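Visitor: everything below, folded, please.
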Amino acid sequence: MEPRGVIHRSGGFLLLVAILAAAASSASAIGDKCAACKAVAAELEIGLSSEKPRNHLDLRNRLNSKGQREGKVIDYRVSELRVVELLDGLCDKMQDYTLKKLESGDKGWVKVTDWNSFQTEKKAAARAHSKNLSSFCGRLLEETEDELSEWIKTSSTESGNVTKALCEDISKHCRSTSVTTEMDDEL
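Guide: Predicted coordinates for the structure are as follows:
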């Protein structure tokens, strides 16, 4: 009876090891987190630049005893609704990106406009990369949600600012490339 129990325990152990290995490989599926973060930031920047001007949000729904509306008017640019509209569906859009060898020889994230005409030998692998990026995006937004939404509400969202804010300042996936040199006083 004992050999059967040993086999059962070792089978359970192997299953546990396989599950942990699968979780570890999917968690580290994105090798270059900086490049992946920049791809997410680029898509967020597209969303910011294509925003249409919106009126203030009028939350004055109740009437007081004098017949005047009570409540507040919130500027759309600093509203939670704007943040939700910008971030909602962002990670789904990341499934349009895949890892591709660039002309420089390095691999980089590129946006695929049409998967049917996408030229690669391994379309399944390209689709897997896009799903990994989408998962990475979800984790990134979950980890940085509060700081990112505050940044969207308070900062000017100029071109190029998104990558620096999201990838360097908030998530720290990219380190600043500018190195400051201190000069010694030689008096």
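
Visitor: please, which helix or strand holds residue 109?
Guide: strand 107-111 (DSSP states H and E).

Visitor: dump that strand to PDB, keeping only the CA atoms.
Guide: Extracted in PDB, the C-alpha atoms of strand 107-111 (Å, rounded to 0.1, in the frame of the first residue of the first chain):
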ATOM      1  CA  LYS A 107      13.900  43.200 -31.100                       C
ATOM      2  CA  GLY A 108      11.200  45.800 -30.500                       C
ATOM      3  CA  TRP A 109       7.500  46.000 -30.000                       C
ATOM      4  CA  VAL A 110       5.700  47.000 -33.200                       C
ATOM      5  CA  LYS A 111       2.000  47.600 -33.900                       C
END
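
Visitor: now do the phi/psi pair for residue 98.
Guide: Phi and psi for residue 98, reported as degrees, to the nearest 10, are phi -150, psi 170.

Visitor: quick one: contacts for residue 55?
Guide: residue 76 (C-beta atoms under 8 Å, 6 or more residues apart in numbering). For the C-beta atoms, the positions are set from N, CA and C on the backbone; glycine is no exception.

Visitor: next one: residue 116 from residue 126, what distance?
Guide: For residue 116, the distance to residue 126 (C-beta to C-beta, to the nearest Å) stands at 12 Å.

Visitor: for these two, indicate the residue with more neighbours.
Guide: residue 126 (18 against 6; other C-beta atoms under 10 Å).

Visitor: correct me if wrong: residue 58 contacts residue 73.
Guide: Yes. Counting by C-beta atoms under 8 Å, residue 73 is a contact partner of residue 58 at 5.4 Å.
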